[in-house]
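**Student:** model the following, please.
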Amino acid sequence: MRLKPMLLGAVLLAATLASTGADTSSPSPSPAPGWSSAGKAEDGALKSARQAIAAGDYASAQAALKGALAPDPGNADLHNLYAYSIRKGASPDMQLVFKHYNEALRIDPKHRGAHEYIGEAYLMAGNLPKAKEHLAALGRICFFGCAEHDMLKKAVADYEAKPR
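**Tutor:** Predicted coordinates for the structure are as follows:
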C-alpha cells in the first residue's frame, strides 16, 4: 500500500520538472527573468534580441546578439540565440548556424535549447541521423522529459512523415 503514495509522488515530481522549460542551458531551474543561465544580469542587447525574435525581426536580433557576443564569447545562451536568429532569418547561412550552435554546446554540453535547435537545423539540412543524435541527447538530459525534447521529437516525426 505504501508503494502507491510513493509512485504518485514520483509522478507529480516528474510532471513538475517536465513543465519547467526555457531557452536556458541546463536542467536546473530556469533563471529569474532578467538573468542569463550563467547568472549574469541580462543586458539590454540580450533583452532586445529576445523581443526582436518574439516579433519575428530576426535581422535586428542578429545585430544585437552579434554585438553582445563580442564582449561575452563564452555565453552559450548568446551563441544559441544568435544561431537561432540566423536560422529563422532570410537566406540562413547554415555554416554559421552550425558554428554557433556547436559553440553553445561546447560551452554547455547540456544546453537544452541548443540541442533542440541544432536538431531542427539538421532537419533543415536533410540530416536526419544528426537530428536524432540531438534528440537522444535531450532524452538523456531531460530524464523526466522537457519541452525541448518534445518539440524536437515532433519535428523529427513530421520530417519522417513527409514524402521524399
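**Student:** what residues sit buried inside the strand or helix carrying Ala157?
**Tutor:** Secondary structure assigned from DSSP states H and E places Ala157 in helix 147-161. Buried residues in helix 147-161, defined by neighbour count with 16 or more other Cβ atoms under 10 Å: 147-149, 151-153, 155-156, 159. C-beta here means a position set from N, CA and C on the backbone, and glycine is covered the same way.
**Student:** equivalent analysis for stretch 129-148, please.
**Tutor:** Across stretch 129-148, burial judged by 16+ other Cβ under 10 Å covers 130-132, 134-135, 137-138, 141-142, 145-148.
**Student:** run through who's touching the helix holding Ala157.
**Tutor:** Contacting residues not belonging to helix 147-161 are listed as 18, 21, 112-113, 115-116, 119-120, 123, 128, 131-132, 134-135, 138-139, 141-142 [Cβ atoms under 8 Å, 6 or more residues apart in numbering].
**Student:** returning to what we had before: the buried residues of stretch 129-148 in helices, which ones?
**Tutor:** 130-132, 134-135, 137-138, 141, 147-148 (DSSP state H).
**Student:** now stretch 91-106 - C-alpha only, PDB.
**Tutor:** Coordinates of each C-alpha in stretch 91-106 appear next as PDB, following Å, rounded to 0.1, in the frame of the first residue of the first chain:
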ATOM      1  CA  SER A  91      18.600  33.100 -46.500                       C
ATOM      2  CA  PRO A  92      20.200  31.500 -43.500                       C
ATOM      3  CA  ASP A  93      23.900  30.800 -43.600                       C
ATOM      4  CA  MET A  94      23.800  27.200 -42.300                       C
ATOM      5  CA  GLN A  95      27.500  27.000 -41.800                       C
ATOM      6  CA  LEU A  96      27.300  30.000 -39.400                       C
ATOM      7  CA  VAL A  97      24.200  28.400 -37.800                       C
ATOM      8  CA  PHE A  98      26.100  25.200 -37.000                       C
ATOM      9  CA  LYS A  99      29.200  27.000 -35.900                       C
ATOM     10  CA  HIS A 100      27.300  28.900 -33.200                       C
ATOM     11  CA  TYR A 101      25.100  26.000 -32.100                       C
ATOM     12  CA  ASN A 102      28.200  23.900 -31.700                       C
ATOM     13  CA  GLU A 103      29.900  26.600 -29.800                       C
ATOM     14  CA  ALA A 104      26.900  26.800 -27.400                       C
ATOM     15  CA  LEU A 105      27.200  23.100 -26.900                       C
ATOM     16  CA  ARG A 106      30.900  23.200 -26.400                       C
END
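**Student:** could I get the contacting residues of the nearest residue to Lys66 once chain neighbours are set aside?
**Tutor:** Leaving aside its sequence neighbours, Lys66 sits nearest to Tyr82 (Cβ to Cβ, 6 or more residues apart in numbering; 6.5 Å). For Tyr82, the contact set (Cβ under 8 Å, 6+ apart) comprises 62, 65-66, 69, 100.
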